[in-house]
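Peer 1: this one's structure only:
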């Protein structure tokens, strides 16, 4: 091997190493270090602390071989190593099949959710812990859909994979082989679900407030995400970006901090939350119901995808901040 060839090989190897490091930096989960004691104290002050769990508490449960089923909603296109012993899913696994609706993003059926949990060996008595990476709205979406089944013990991992990895807990060995169960929803209910008719009613009723949990560019019609029929927002909707719920390290704010954001807005009101496809909005629903104790809070599953379809394709509803 001559000198030029050796130099070429070295350059190629360096490029590969740098490229891999850049790939991991762009796609890999950002580890965050969280004080377990402070995190546990914060959660203990929530309206329903049993809806949440810290990485330390989850690790203890798993070490005890408790009946715990851990499910991560992780984008397979990213290079995030899942929690060891957990199962992984992505949106298509818990969304309606193509063709069921005239638009995308809707939840799947009760029966499909039962089948999903059966594949993970879950029973109605299992503790189910849901988590995501970097932006944790997908964990909240899973939490909402599993709660709709009437499952009692569903917990959102505060800080998700970021805090788990930051604590130095094991990752990478996921999707274990388990005996399939026959999961049957204990008490299926759509009591936290809003549909288009409910939204139409709320627009005209002062006892209701509609919260748009999307980014400002979406709310003001400067950006239209894929799946929507056009830009804008629902008439009268108030913008509170779902990201306001969390610290920079992706863990939830304290109850008092969240109350300062939402308290006056929702006091004495029935609340509908929405986003592009009912994913980000479930994070706000989780905060309002389980952290602040608000009762009449509903997630509009169709969200902007459905509402924009009804406006731009069917001319059935009005919008704000739309095409001029």
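Peer 2: Yep, it's here. As the structure is a prediction and not an experimental result, all values here were calculated from the model.

Peer 1: could you chop the chain up by domain?
Peer 2: 36-166, 193-312 (automatic domain parsing).

Peer 1: can I get these in JSON lines with mean neighbour count?
Peer 2: Where you see a C-beta, it was placed from the backbone N, CA and C, and this is true even at glycine. As requested, the domains of the chain are exported to JSON lines (neighbours: other CB atoms under 10 Å):
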{"stretch": "domain 36-166", "mean neighbour count": "19"}
{"stretch": "domain 193-312", "mean neighbour count": "20"}
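
Peer 1: export these to JSON lines and tack on distance to residue 178 and mean pLDDT?
Peer 2: Below are the domains of the chain laid out as JSON lines (distance: least, CB to CB, whole Å; pLDDT from 0 to 100):
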{"stretch": "domain 36-166", "distance to residue 178": "4", "mean pLDDT": "96"}
{"stretch": "domain 193-312", "distance to residue 178": "27", "mean pLDDT": "97"}
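
Peer 1: do you know which of those lies nearest residue 184?
Peer 2: Residue 184 sits nearest to domain 36-166 of all the domains of the chain, at 6.3 Å, using CB to CB.

Peer 1: how far off centre is the closest one?
Peer 2: 9 Å (CA atoms, centre = their mean, to the nearest Å).

Peer 1: mind checking the end-to-end distance for it?
Peer 2: Its first and final residues considered, domain 36-166 spans 11 Å by CA to CA, to the nearest Å.

Peer 1: which residues in the stretch 51-200 of the chain form helices?
Peer 2: For the stretch 51-200 of the chain, the helices defined by DSSP state H, counting those that start in this stretch cover 55-63, 110-119, 137-148, 160-166, 196-203.

Peer 1: wait, which of those helices is closest to residue 315?
Peer 2: Residue 315 lies closest to helix 196-203 among these, at 14.0 Å (CB to CB).

Peer 1: for the closest one, name the packing helices and strands.
Peer 2: On a contact count with 3 or more CB pairs under 8 Å, 6 or more residues apart in numbering; DSSP states H and E, helix 196-203 meets strand 208-212, strand 270-274, strand 297-300, helix 303-312.

Peer 1: same list, the ones you listed, but as CSV with distance to residue 105 please.
Peer 2: Shown next, in CSV, are these (distance: least, CB to CB, whole Å):
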stretch, distance to residue 105
strand 208-212, 16
strand 270-274, 11
strand 297-300, 11
helix 303-312, 5
